[in-house]
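**Q** Quick one: sequence plus predicted model below, questions after.
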Amino acid sequence: MFVNRIRIRVEFGDCDPAEIVFYANYFRWFDQCTSALFRAAGLALPQLFKTHGVVGIPLVEARVRFITPSRYGDELVAESCVTEWKKSSFVISHKLLRDGELAVEGSETHVWAAAHPTEDHRLKSVPLPVEVVRRLSSTNKRPKRKG
């Protein structure tokens, strides 16, 4: 499976009065990780939506499990990948590690959505393009370093 990793630095403004990350920031970071996952697979979201005539990938479900708190100054490594494919929806799983230990894990279900053909202000799920599934399902191929 295609796995992408990004680093997240916990800033002072990410924390609540108890000096730990305010829970809603994890969902903001999950969104950041999703965009980074698509980019890393060569699928820039704005162009992808335009090419396939879709409005976007709205979020229809989100789950999170907090294992250990993160604090100001922590550096997290976020690992994201698609763990489930359906006809028009998919699940992205996120793991946030601090010092190599799992701190938070979550998942988001997104739907590949186009404008509804007959009802304004509504969306309609449409089948995922084969190319999108293929790119986000392939094994990461990273060049080997010399030396």
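**A** Ah, there it is.
**Q** use CA for all of it now, contacts and neighbours both
**A** OK.
**Q** Give the full set of residues in contact with the nearest residue to residue 85 once chain neighbours are set aside.
**A** Nearest residue to residue 85 in three dimensions, chain neighbours excluded: residue 91, at 6.7 Å (Cα to Cα, 6 or more residues apart in numbering). Going by Cα atoms under 8 Å, 6 or more residues apart in numbering, residue 91 touches 82-85, 107-110.
**Q** Need the per-residue pLDDT for residue 91.
**A** In this model, residue 91 is scored at 98, pLDDT.
**Q** would you say it is within a strand?
**A** Yes. Under DSSP: H, G, I helix; E, B strand; the rest coil, residue 91 falls within a strand.
**Q** Now, of the contacts of residue 91, which are buried?
**A** Among the contacts of residue 91, those scoring as buried are 82-83, 107-110 (criterion: 16 or more other Cα atoms under 10 Å).
**Q** Make JSON lines out of those residues and add pLDDT and secondary structure.
**A** Listed next are the buried ones among the contacts of residue 91 as JSON lines, based on pLDDT from 0 to 100; DSSP: H, G, I helix; E, B strand; the rest coil:
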{"residue": "82", "pLDDT": "98", "secondary structure": "strand"}
{"residue": "83", "pLDDT": "97", "secondary structure": "strand"}
{"residue": "107", "pLDDT": "98", "secondary structure": "strand"}
{"residue": "108", "pLDDT": "98", "secondary structure": "strand"}
{"residue": "109", "pLDDT": "98", "secondary structure": "strand"}
{"residue": "110", "pLDDT": "98", "secondary structure": "strand"}
